[in-house]
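What follows is a predicted protein model with its sequence.
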Amino acid sequence: MADAASGARKASAHSQFGASGSPPPATATATGFDFGSYGRVGIGSDLRGHSGHAVNVVSFGSRLEKPAYLELNFYYGGMIGDDPEKRWRVVFVPGYSGDLFHATGNFSQNFAIRNAYAEVESLGVQGLSLWAGSRMYRGDDVYLFDFWPLDNLNTVGGGAAYAFNQKRTLLQVQLGMNRLSDWYQFQQVQVPARRLPSSTTVLSPQSATTTVTTLDRQRLVVSAKATQFVRALDQLPNGKIIVYGEFHYLPKGERQPEMVGQPPLPLPDDYGYVLGAQLGGWLRSFVFANLFFRHAGGLGAFGDLGRPFGFGSEQRVWGATENTLALSANYESQLLGVMAGGYFRKWSDANTAEDSGYSEGALAVRPTLYFTKYIHTAVELSYQVRRPTTVDQDAGRYIRPMVARASLIPIVAPLGRGTYSRPFIYGIYTLSWLSADAQYYLFEPQDVRAGRSIVHYLGLGVEWWFNSSYR
């Protein structure tokens, strides 16, 4: 069974991880059972008797006050025949997100299956892998904001990857579907039953009724990704260039009216796309920089699990657009580590008559001093701003919420130095300054957190990862 130390050793030896800044990928070479995990748990107070809370005004703010999130990664695999290059494995990852029962007294938890797929490698064609099932299908992230700027799909489907040119070239394709429980994709109504009551009918005072499905639109999401490494993966320094694209399609449907006698609402077919690129380079493991660009339109601007809004003509969102420019970087030395990240996003919906879009940006830097091998202290400084493109209806003017934050983070890291050394146990004090517009944007007047330009957060937390599956 994998332990935290072995997970860290695999990460430090993995040059691709050094350029990504994500948790170390799970090894695919284990035979039999293997195990991994990712988790974060913390508590906090605002020093006014209330729970500690985030004060982010952007879509992807600081991760320091995020709620608990836990994953258990289970693997089972082995060789195909007696060829070590031909392998198979099954990955199963239940995940939990939200308040722990200690905060609610409710033992009902928010579990979801994040990964449940099988894959085979080099069966028939050397360097070709095939997979099918449910999968978190991700690239590189901006760690400080817990943000995947280019590719971040939660798919049920399948895909293939082909590595060649001494593994310097990697081609990937994926096809998946979803059907959200949302008025835009799914509807069930009660109608009079044609037969006598049975296990599928409900007897009402007037008559027996049954539930029928009147709207069921599956969204198709297809993605393709090409990665070219500058040099062989075992050579340093190195770099990579990535180009990426998605295509989204939603077939037409018809939604039944809420009131009897009204005509049904036709829902035309809709489309979306994503086009993007990434440029990355690294001098050695954990010393890297990545630059991302992403342009999305239509359904693609809402993400794979986003619920469309701001419709244009004929109940389509084809005119919605999103443009994102992001960066992530990390530096390590014997005495100091520095992590940085930032992004700018511009988003607009498809309603040309009344655009409810916005532009937003955030920038953060986290230097860490290594006082000893195991005792570290980090300071995180960040700034975020959001600008809606329309006049706020209540304020009667354009608003521009801004938040500036400074955090002090003492750390105990049992695996030694490194900004990505995990697990770590940490304390945290954050001082946040909110502009008047940020206070107005975040809290209603009746909220106990309203009316404060200075917000404190004092907390304690832990984060870990080892042998974690994230691609």
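Sure thing, it's come through. The shown structure was predicted, so the numbers you read here are calculated from the model rather than taken from an experiment.

where do the helices sit along this protein?
4-12, 15-18, 101-104, 436-442 (DSSP state H).

from the chain's centre, how far out does stretch 61-73 sit?
11 Å (CA atoms, centre = their mean, to the nearest Å).

Gly341 reaches Trp148, doesn't it?
No: the pair Gly341 and Trp148 does not pass the contact test of CB atoms under 8 Å, sitting 11.8 Å apart. C-beta here means a position set from N, CA and C on the backbone, and glycine is covered the same way.

which of those two has more neighbours?
Higher neighbour count among Gly341 and Trp148: Gly341, with 26 against 20, using other CB atoms under 10 Å.

Spit out the contact partners of that one.
Neighbouring residues of Gly341 by CB atoms under 8 Å, 6 or more residues apart in numbering: Val142, Tyr143, Leu144, Phe145, Phe147, Ala326, Leu327, Ser328, Ala329, Leu363, Ala364.

again, only this time at 10 Å
Applying CB atoms under 10 Å, 6 or more residues apart in numbering, we find Gly341 in contact with 21, 60, 141-147, 149, 290, 326-330, 362-366, 382.

What separation do you get for it and Tyr441?
The spacing between Gly341 and Tyr441, counted by CB to CB, to the nearest Å, is 23 Å.

Phe424: neighbouring residues, count only.
Neighbours of Phe424 (other CB under 10 Å): 21.

Surely it is in contact with Pro414?
Yes: contact criterion CB atoms under 10 Å: Phe424 and Pro414 qualify, at 7.9 Å.

Common neighbours of those two, please.
What both Phe424 and Pro414 touch, as defined by CB under 10 Å, 6+ apart, is the set Tyr374.

Look up the closest residue to Phe101, ignoring the ones flanking it.
Phe107 (5.2 Å; CB to CB, 6 or more residues apart in numbering).

before we move on, what about Asn238?
Using CB to CB, 6+ apart, the closest residue to Asn238 is Arg231 (5.0 Å).

Now do the contacts for the one you found.
Arg231 makes contact with Ser15, Gln166, Arg168, Pro237, Asn238, Gly239, Lys240, according to CB under 10 Å, 6+ apart.

Give me the distance between the fourth one and Gln278.
With distances taken as CB to CB, Pro237 is found 17 Å from Gln278.

now Val222
Distance from Val222 to Gln278, by CB to CB: 19 Å.

Of the two, give the one with the bigger neighbour count.
Gln278 (23 against 16).

Verify the stated contact: that one with Asp140.
Yes: in terms of CB under 10 Å, Gln278 counts as a neighbour of Asp140; the distance is 6.8 Å.

any residues in contact with both of these two?
Common neighbours of Gln278 and Asp140, using CB under 10 Å, 6+ apart, are Ala19, Pro149, Leu150, Asp151, Lys240, Ile242, Asn290, Phe292, Ala326.

now these in CSV, with neighbour count, distance to Asp46 and pLDDT?
Shown next, in CSV, are these (neighbours: other CB atoms under 10 Å; distance: CB to CB, whole Å; pLDDT from 0 to 100):
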residue, neighbour count, distance to Asp46, pLDDT
Ala19, 27, 38, 47
Pro149, 26, 30, 96
Leu150, 22, 35, 96
Asp151, 23, 36, 94
Lys240, 22, 42, 97
Ile242, 22, 41, 98
Asn290, 26, 34, 98
Phe292, 26, 34, 98
Ala326, 26, 30, 98
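
Tabulate the residues you listed (TSV), appending distance to Tyr249.
Output for the shared contacts of Gln278 and Asp140, formatted as TSV (distance: CB to CB, whole Å):
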residue	distance to Tyr249
Ala19	33
Pro149	23
Leu150	21
Asp151	18
Lys240	30
Ile242	24
Asn290	30
Phe292	25
Ala326	27
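
Where strands are concerned, which of those count?
Assigned to strands by DSSP state E, the following of those qualify: Lys240, Ile242, Asn290, Phe292, Ala326.

So the third one sits against Lys240, correct?
Spelled out, that is Asn290. Yes: in this structure Asn290 lies within contact range of Lys240 using CB under 10 Å: 9.0 Å.

how about the contacts of Arg231, which pair is most distant?
Spatial extent of the contacts of Arg231 (CB to CB) is set by the pair Gln166 and Pro237 at 17.4 Å.

His53: how many residues sit nearby?
For His53, using other CB under 10 Å, the count is 16.

Return the residues in contact with it.
Counting by CB under 10 Å, 6+ apart, His53 has contacts Gly44, Ser45, Asp46, Glu65, Ser432, Leu442, Phe443, Arg449, Val455, Tyr457.

and of those residues, the nearest to Ala320?
Each of these was checked against Ala320 using CB to CB; the closest is Leu442, at 24.7 Å.

quick one: the closest one from Ala436, how far?
11 Å.

got any ranges where the stretch 151-300 of the chain has weak pLDDT?
Along the stretch 151-300 of the chain, the model assigns pLDDT under 70 to residues 196-207.

ok so, going back, Leu458 versus the residue nearest to Asn238, what's the distance?
Distance from Arg231 to Leu458, by CB to CB: 46 Å.

now do Ser407
Ser407 is 11 Å from Leu458, by CB to CB.
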